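Asks: Turn this into a structure:
(chains A, B and C)
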Amino acid sequence: MKHLISAGDLGRDDALLILDTAEELARVSERSIKKLPTLRGRTVVNLFFEDSTRTRISFEAAAKRLSADVINFSAKGSSVSKGESLKDTALTLEAMGADAVVIRHSASGAPHRLATWVRGSVVNAGDGTHEHPTQALLDAFSMRRRMGRLEGLKVAVVGDVLHSRVARSNVLLLSTLGAEVTLVAPPTLLPVAVENWPCQVSYDLDAVLPKSDVVMMLRVQLERQNAAFFPSAREYSRRYGLDRQRFAKLHDDAIVMHPGPMNRGMEISAEVADSPRSTIVEQVGNGVTVRMAVLYLLLGGAIGGEVK
Amino acid sequence: MIIRNARILGGDPVDLRIDNGLIAEIGPGLGGETVFDADGLLALPGLVDLHTHLREPGREDAETVETGTQAAARGGYTAVHAMANTSPVADTAGVVEQVWRLGQEYGHCDVQPVGAVTSGLEGRQLAELGAMADSAARVRVFSDDGKCVSDAVLMRRALEYVKAFDGVVAQHAQEPRLTEGAQLNEGEVSGRLGLAGWPAVAEEAIIARDCLLAAHVGSRLHVCHVSTAGSVEIIRWAKSKGWDVTAEVTPHHLLLTDACAESSPVGPYNPIYKVNPPLRTAEDVRALREALADGTIDCVATDHAPHPVEDKETEWAAAAMGMIGLETALSAVQEAMVETGLLDWAAVADRMSCRPARIGRLSGHGQPLRVGSAANVTLYDPSVRAPVDPGAMVSKSRNTPYEGMTLPGRVVATFLRGRPTVLEGKVV
Amino acid sequence: MSDAQNPPVSGGDPAQRNHSRAVLEAPDIHRALTRIAHEILERTKGAESVVLLGIPTRGATLARRIAERVAQFEGRKVPVGAVDITMYRDDLRLKPARPLGHTDLPPGGIDDKIVVLVDDVLFSGRTVRAALDALNDLGRPRAVQLATLVDRGHRELPIRADYVGKNLPTAKSEKVRVYLEETDGRDAVLLVKEVAR
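Replies: A predicted model of the protein is given here:
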């Protein structure tokens, strides 16, 4: 594995190796000394063109726990905001000797482009409305920990699928790992040709909930209302929000997930978000662990010319 | 002067005697000084492009009239229509005359300026269409290409107004609201790649409206770069009504699909494939090829759109739209239409020379290769096949979508009114 | 350890391979482990605060076997666990990233304990060096000792074993392969001369 750009690039064995590695590394987070010397001398650059403090901090903690040197490069106030191109930024990072570049960008496909300009590994930390593979990995990891399995697990992904990189990555990864995904959204928020994705599709949340083991709520941006994707926040919430009444339709072992940040009261009610069957807080901790696993597997062995 | 052993439209080798820029005599074994021994090469009438972006004035970093017409000559073209979206916009007699004069000055091929339909391409007020028609440039084709004349009233008026001087409005059919932020054909690939979809209906709705408008006011309509199967159906229907609607298709829409954005020799999300209108599906390609074969689509136009490297070496969304095409057009058409048995060389000459000249009301071009015609001749070797080499192109830009592909054919020589503009594949 | 990491080559009895010979058979291994268990009891005065930590994969198996024997002889359970050293290796950059082994500390931890590290083969000493680093991050033992089934020499670091099953003189080009019932279906230690291909 050279890069992690799309969850679709991961075969079943690759994905399981990441999850199993994360399972071992989770124990490191439990001990008093949380640091490992493994990536000493490696340089990880966090290249963030979009504000995402949570994702950046998660990658930063993961890299630091593996003793990598971390350089945070955020687009604001840097040469990027002065009009420097992605390519020139890439060449700058290359000159700094970055072994891995973790990139968050508003343009779908930016990590693919970056990978053609740098020698190091590229990790996609979210590109436009395309993918967010480490989020999908941490979601799968959280599900497996809570539910004990992924094979045959029924997962409903609810909300703005059209603009969601989390949904895309989750559909690809979970289907690879044998889970059965159902996307639930109003028709305006589903991509064209979604019927060809490896999942089911429904417009009716109430019909899907009783059959689901996991319900993953996606963030819905209020701006979508202005582009007529739905009439109003109130109507969206009534039809697709997870409130107490809907929560009661889930079977007793089912769990609720959300990649964050949440719009409480919009796609999820506060009492659902804070319930013991919500994994929302542990998803954050699992994020560090899974990202450690990814960085270890990308950088923990020979890179390029280092192989004898 | 004599061109020897040329196979006109693939027929038996003959010699062509050229006097004063005209074909004076055709036959075997003519006496006289040999200019060029074609040695059995295919002879086509000099190609005519209805849709070229020469970028001058304003974006001389991407292309100039000089380099663009060199590229045209090297692609076998003897005339190109220079689109109006320059800076300043070609919306006055002054600008179109400037472009026309530059074409005359360099002489690699004839440059026929296209005038803007609306001032500044802003879609608010008609440009001075009559002044451009009456200028030295004799503008007959008007287009806001790059932008759609989306206002129905304005479009109706433009269609009506140009009747006074036998002009034609060449519409860039793109409903603007349906394509806000659009990046790639809306379909399976755009959904997977998370690129904002560019629906076929945005093109088809405008074409349908414009056909109806043209019929209503009894005017001529030309549809630029048709890209969808649905557009083909609408144009076929309009023609069946006897309406004066013509259409063009680009070589890239005949050869490439939106799948290129996902996997290609140059990697996924490579904006070398970003173009307006977007590359569509294999089904659309099939329909476009059939339409070009049966005449529903009248001609091939390159939409040669040069961009400097920095406008393409970016993330997809930030990249400029467009691809160069003059130097590869004939090869692409051979690959898409001739190798597939859909067109013979006579039909290629019709779609790439005769019909575009007629649509553009361009005299002295698009004439069959016979005695008395202008000696605009393209000598082509269809038997070779080679990898496309962007480095070997003479266009100032390198944004060809065919890098990493092999294409058939090679333009060996081009003659403009008997004067060689290209010999042995090199610009003279 | 470094030699024995890989499981046996599939297909056929390992002893049948060219240029390999068994240096320890099952009874030899059993006797060696029994002796090591006795020595640990002797040296640690009844193994009262001993924790046995095996280095995965086969070291962990050997640690469990030694613990069973100590329990037999003394009637007391010795805490046993495993410490994976992958993340502490000094040769990570020589191979693609390796899958991690399992680290498993007994409930009482290792603080103030006598930790006996158990490995199958002692060779360069680098594995043990990595294990010492790993222990450092896991707690603060009173003392650390080392038990190994085979010491084949060729040390590259100032490290020696406290308990040795068998000292085995080898050429550096030879490989020592340890097979254990639990992981490999049989008990044996083979000395393999790599055949030049």
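Asks: What parts of chain C come near chain A?
Replies: C:84, C:87-88, C:92-103, C:133, C:137-138 (C-beta under 8 Å from any C-beta of the partner chain). (C-beta placed from N, C-alpha, C; glycine too.)
Asks: let's see it at 7 Å
Replies: Counting by C-beta under 7 Å from any C-beta of the partner chain, chain C comes close to chain A at C:87-88, C:92-100, C:102-103, C:133, C:137-138.
Asks: Give me the number of neighbouring residues for A:S32.
Replies: By other C-beta atoms under 10 Å in any protein chain shown, the residues close to A:S32 number 7.
Asks: and it, what element?
Replies: Under the criterion DSSP states H and E, no helix or strand holds A:S32.
Asks: Model confidence for it, exactly?
Replies: A:S32 is assigned a predicted lDDT (pLDDT) of 83.
Asks: Same question for A:R104.
Replies: What the model reports as pLDDT for A:R104 is 96.
Asks: isn't there a helix covering it?
Replies: No - counting by DSSP: H, G, I helix; E, B strand; the rest coil, A:R104 is not found in a helix; it is strand.
Asks: contacting residues around the residue of chain B found nearest chain C?
Replies: Nearest residue of chain B to chain C: B:G267, at 23.7 Å (C-beta to the nearest C-beta). Contact partners of B:G267, counting by C-beta atoms under 7 Å, 6 or more residues apart in numbering or on different chains, are A:112, A:116.
Asks: Phi first, then psi, for it.
Replies: phi 90, psi 160 (degrees, to the nearest 10).
Asks: SS state for the residue of the stretch 201-350 of chain B found nearest chain A?
Replies: Using C-beta to the nearest C-beta, B:Y269 is the residue of the stretch 201-350 of chain B that sits closest to chain A, at 2.9 Å. Under the three-state scheme (three-state DSSP), B:Y269 adopts coil.
Asks: what about the closest residue to it other than its chain neighbours, how many neighbours?
Replies: Excluding its sequence neighbours, the residue lying closest to B:Y269 (C-beta to C-beta, 6 or more residues apart in numbering or on different chains) is A:G109, at 2.9 Å. Number of residues near A:G109 (other C-beta under 10 Å) recorded here: 28.
Asks: Quick one: residues contacting A:G109.
Replies: Per C-beta under 7 Å, 6+ apart, neighbours of A:G109: A:127, A:130, B:193, B:268-269, B:315-316.
Asks: Likewise for B:T92?
Replies: So B:T92 contacts B:128, B:131 (C-beta under 7 Å, 6+ apart).
Asks: residues in contact with the spatially closest residue to C:D111 that is not a sequence neighbour?
Replies: Nearest residue to C:D111, sequence neighbours excluded (C-beta to C-beta, 6+ apart): C:G139, at 4.5 Å. Taking C-beta under 7 Å, 6+ apart, we find C:G139 in contact with C:109-111.
Asks: Let's see that with 10 Å instead.
Replies: With C-beta atoms under 10 Å, 6 or more residues apart in numbering or on different chains as the criterion, the residues that contact C:G139 are A:31-33, C:51, C:105, C:109-113, C:115.
Asks: and if you look at A:S58?
Replies: For A:S58, the contacting residues are A:46, A:52, A:102, A:125, A:134-135, A:138, A:284-292, by C-beta under 10 Å, 6+ apart.
Asks: same question, B:P387
Replies: B:P387 sits in contact with B:265, B:402-407, where contact means C-beta under 10 Å, 6+ apart.
Asks: how far away is B:V371 from B:G418?
Replies: B:V371 is 13 Å from B:G418, where distance means C-beta to C-beta, to the nearest Å.
Asks: Need the overlap of contacts for those two.
Replies: Common neighbours of B:V371 and B:G418 (C-beta under 10 Å, 6+ apart) are B:16-17, B:22-24.
Asks: So which of these belong to strands?
Replies: Where those overlap with strands, as defined by DSSP state E, the overlap consists of B:16-17, B:22-24.
Asks: Of these, which is the most crowded?
Replies: For those, the largest neighbour count, defined by other C-beta under 10 Å, is 28 neighbours, found at B:L16.
Asks: Make sure that residue is actually in contact with B:T34.
Replies: No - between B:L16 and B:T34 there is no contact under C-beta atoms under 10 Å: 11.0 Å.
Asks: so who does A:I280 touch?
Replies: A:142, A:217, A:255-260, A:262, A:268, A:272-274.
Asks: For the stretch 201-350 of chain B, just list every one of the helices.
Replies: B:229-240, B:251-255, B:282-294, B:329-333, B:345-349 (DSSP state H, counting those that start in this stretch).
Asks: one step back: got a ChimeraX select line for the buried ones in the contacts of C:G139?
Replies: Entered in ChimeraX, the line below selects the buried ones among these, by 16 or more other C-beta atoms under 10 Å in any protein chain shown:
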select /C:51,105,109,110,113,115
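Asks: Sheet-wise, list the partners of the one helix or strand C:L117 maps to with their directions.
Replies: Assigned by DSSP H and E, C:L117 belongs to strand C:114-122. Paired neighbours of strand C:114-122 in the sheet (DSSP bridges): strand C:50-54 (parallel), strand C:143-151 (parallel).
Asks: and after the shortest one, which helix or strand comes next?
Replies: Heading C-terminal from strand C:50-54, the first helix or strand you meet, by DSSP H and E, is helix C:58-74.
Asks: what's that next one packed up against?
Replies: Judged by 3 or more C-beta pairs under 10 Å, 6 or more residues apart in numbering or on different chains; DSSP states H and E, helix C:58-74 is in contact with helix C:26-43, strand C:50-54, strand C:80-82, strand C:114-122, strand C:143-151, strand C:174-179, helix C:181-184.
Asks: hmm, back to that, single out the most deeply packed of the strands paired with strand C:114-122.
Replies: The highest average neighbour count among the strands paired with strand C:114-122, using mean count of other C-beta atoms under 10 Å in any protein chain shown, belongs to strand C:50-54 at a mean of 27.
Asks: just to revisit the earlier point, any idea which of the residues of chain C next to chain A has the most stuff around it?
Replies: C:M87 (26 neighbours).
Asks: can you confirm that residue is in a helix?
Replies: Yes - under three-state DSSP, C:M87 falls within a helix.
Asks: returning to that earlier point: which among the contacts of A:I280 gets closest to C:D187?
Replies: Top of the list for closeness to C:D187, among those and by C-beta to C-beta, is A:S142 at 41.4 Å.
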